[in-house]
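Participant: I'll drop the sequence and a predicted model, then ask my questions.
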Amino acid sequence: MKSINEYKVVECSGTPYKIGQQWGEGCKESILHGLENLFNGMAFMYKVSKEKVISKAMKFLPLVQDYDPYLIEILKGKATGAGVGFEEIFTQKCGHELLFYYTNMAGYCTSFALTGEATRGGKTLLGQNFDWVPGTPIDLVKIYHSDGLTQLIMSIANSAEITLTSAGFGMCLNATISQDYAFNFPSACYMPKVMRQKNIYDAVDILKEAAGGACYHVLADAKGEMFGIESISNDYEILYPNKNMILHTNHYLTERFKKGDTAPTFIPNSYPRLERINTLMNQHYGRINPEIIMEIMADHANRPNSLCQHVDPAGQVPIASIMSFIMVPEEGTIYIAWGNPCEYEFVRYEI
């Protein structure tokens, strides 16, 4: 029998600063745990001091201040609420880029977006297995913005945010790293602005301008519009559905980006995972619903290169599926398994 792990939803509202303060207060324990993991891990494994890590992250600050002052106010409030310095909170927000800068480390996620003839009733479904280091803190936060927009956010290590919005669309992300990555704009600092937009078209337009090579993103809405965005430091490509599906792991699908792709070296299991999810989705094509996806994401074929990732004792970095989720934008719902989907039940949450 699977375990049930239900998360408390931390609710925030008011000005951006107040939203951040409530967020920091409600998630203080995981924020502090995440900071400890970040700085101690860097110091122990890579001999990088806390001061040097913060100094590297702060080089991003002028760009982020100019790009999204709303986010900066949230981060200031979050620092107050959690009782830590702003520089620490901002550094944590840049965590994905910092890990790559120092270690070439990336997560092993598998994502999907489906609609139309692919799904039962034609509903849009999107989600992923989020594969990362076990024990990474995750929070579930609901934000009521003053303009009427509501967001349900899965916040991973107080850095990456995976969001479903009351505007009727959601997003997923996978690590894709090119050899020419320029370390120029943290993905976790541009996606909050993308996901505050009132429709998917404006969101994609902003994402096309900001995307800089550290992540692949897929956005999908309740009306069946779906866009995947691959990028390198100075270029991007929009991926469109094939048979009403966009499936992705951690390697580039855009031909002109393949030459500099780091996946063959750092994430070679990306290729069998993409092949496997494509096979399973096509087997169930036309009748895919959340329950079928729950079974697919718990698949162990080709283990240790399976969709449902477990720590491989022979691997250099301990990686497992620390979360699996399925969004249904039309219903404003997310089904989340807080751990390996083979071991944990999916719990339903609503905006």
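Facilitator: Happy to help now that I have it. Numbers count the residues shown, from 1 in each chain.

Participant: what about the strands in the stretch 1-150 of the chain?
Facilitator: Taking DSSP state E, counting those that start in this stretch as the criterion, the stretch 1-150 of the chain carries its strands at 9-13, 110-114, 125-132, 138-144, 150-156.

Participant: go through the first one and flag the buried ones.
Facilitator: Spelled out, it's strand 9-13. 10, 12 (16 or more other CB atoms under 10 Å). To be clear about C-beta, it is placed using only N, CA and C from the backbone, and glycine gets the same treatment.

Participant: tell me the helices and strands packed up against that strand.
Facilitator: Other helices and strands packing on strand 9-13, by 3 or more CB pairs under 8 Å, 6 or more residues apart in numbering; DSSP states H and E, are helix 16-26, strand 138-144.

Participant: please save the CA atoms from that strand in CSV.
Facilitator: The C-alpha trace of strand 9-13 is given here as CSV (Å, rounded to 0.1, in the frame of the first residue of the first chain):
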residue,chain,number,x,y,z
VAL,A,9,-0.7,25.0,1.9
VAL,A,10,0.9,28.3,3.0
GLU,A,11,-1.4,31.2,1.9
CYS,A,12,-0.1,34.7,1.2
SER,A,13,-1.8,37.9,0.1
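
Participant: strands paired with it, and their directions?
Facilitator: Strand 9-13 sits in its sheet next to strand 138-144 (parallel), going by DSSP bridges.

Participant: what does the third one give?
Facilitator: For strand 125-132, the paired strands and their directions (DSSP bridges) are strand 110-114 (antiparallel), strand 320-328 (antiparallel).

Participant: chain center to the last one, what's the gap?
Facilitator: In terms of CA atoms, centre = their mean, to the nearest Å, the centre of strand 320-328 is set 10 Å apart from its chain centre.

Participant: what are the contacting residues of the next helix or strand after it?
Facilitator: On the C-terminal side of strand 320-328, the closest following helix or strand by DSSP states H and E is strand 333-337. By CB atoms under 8 Å, 6 or more residues apart in numbering, the residues outside strand 333-337 that reach it are 5, 7, 127, 140, 152, 154, 164, 170, 290, 294, 297, 323-328, 344-351.

Participant: type out the PyMOL command that picks the buried ones from these.
Facilitator: Buried subset of these, written as a PyMOL selection, criterion 16+ other CB under 10 Å:
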select buried, resi 127+140+152+154+164+170+290+294+297+323+324+325+326+327+328+344+345+346+347+349+351
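
Participant: quick one: the helices in the stretch 201-350 of the chain?
Facilitator: In the stretch 201-350 of the chain, the segments counted as helices under DSSP state H, counting those that start in this stretch are 263-266, 270-283, 290-297.

Participant: who are the packing partners of the second one?
Facilitator: Using 3+ CB pairs under 8 Å, 6+ apart as the contact criterion, the neighbours of helix 270-283 among helices and strands are strand 110-114, strand 245-248, helix 290-297.

Participant: what are the buried residues along that helix?
Facilitator: 270, 273-274, 276-277, 280-281.

Participant: what's near enough to touch the nearest residue to residue 123 once chain neighbours are set aside?
Facilitator: Leaving aside its chain neighbours, residue 123 sits nearest to residue 330 (5.5 Å; criterion: CB to CB, 6 or more residues apart in numbering). Residues counted as contacts of residue 330 (CB under 8 Å, 6+ apart) are 123-124, 168, 222.

Participant: tell me the spacing between the closest residue to residue 351 other than its chain neighbours and residue 26.
Facilitator: Excluding its sequence neighbours, the residue lying closest to residue 351 (CB to CB, 6+ apart) is residue 332, at 4.1 Å. Plainly put, residue 332 is 21 Å away from residue 26 if you go by CB to CB, to the nearest Å.

Participant: with residue 110 instead?
Facilitator: 30 Å.

Participant: now restrict the contacts of residue 330 to buried residues only.
Facilitator: 123-124, 168, 222.

Participant: picking that back up, could you export the strands paired with strand 125-132 as JSON lines, including mean pLDDT?
Facilitator: Output for the strands paired with strand 125-132, formatted as JSON lines (pLDDT from 0 to 100):
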{"stretch": "strand 110-114", "mean pLDDT": "98"}
{"stretch": "strand 320-328", "mean pLDDT": "98"}
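
Participant: surely residue 218 and residue 230 touch.
Facilitator: No. In this structure, residue 218 is not within contact of residue 230 by CB atoms under 8 Å, at 10.0 Å.

Participant: between the two, what contacts are shared?
Facilitator: Common neighbours of residue 218 and residue 230 (CB under 8 Å, 6+ apart) are residue 239.

Participant: re earlier: for the strands paired with strand 125-132, which one sits closest to residue 249?
Facilitator: With respect to residue 249, and counting by CB to CB, the nearest of the strands paired with strand 125-132 is strand 110-114 at 5.2 Å.

Participant: ok, residues contacting the closest one?
Facilitator: Contacts of strand 110-114 (CB under 8 Å, 6+ apart): 124-129, 131, 172-174, 216, 218, 220, 226, 228, 241, 244-249, 273-274, 277, 281, 288, 293, 297, 307.

Participant: what is the helix of greatest length in the chain packed up against?
Facilitator: Counting by DSSP state H, the longest helix found in the chain is helix 28-46. With contacts defined as 3+ CB pairs under 8 Å, 6+ apart, helix 28-46 has these neighbours: helix 50-58, helix 69-82, helix 86-93, helix 95-103.

Participant: the third one packs against which elements?
Facilitator: For helix 86-93, the elements it packs on are helix 28-46, helix 50-58, helix 69-82, judged by 3+ CB pairs under 8 Å, 6+ apart.
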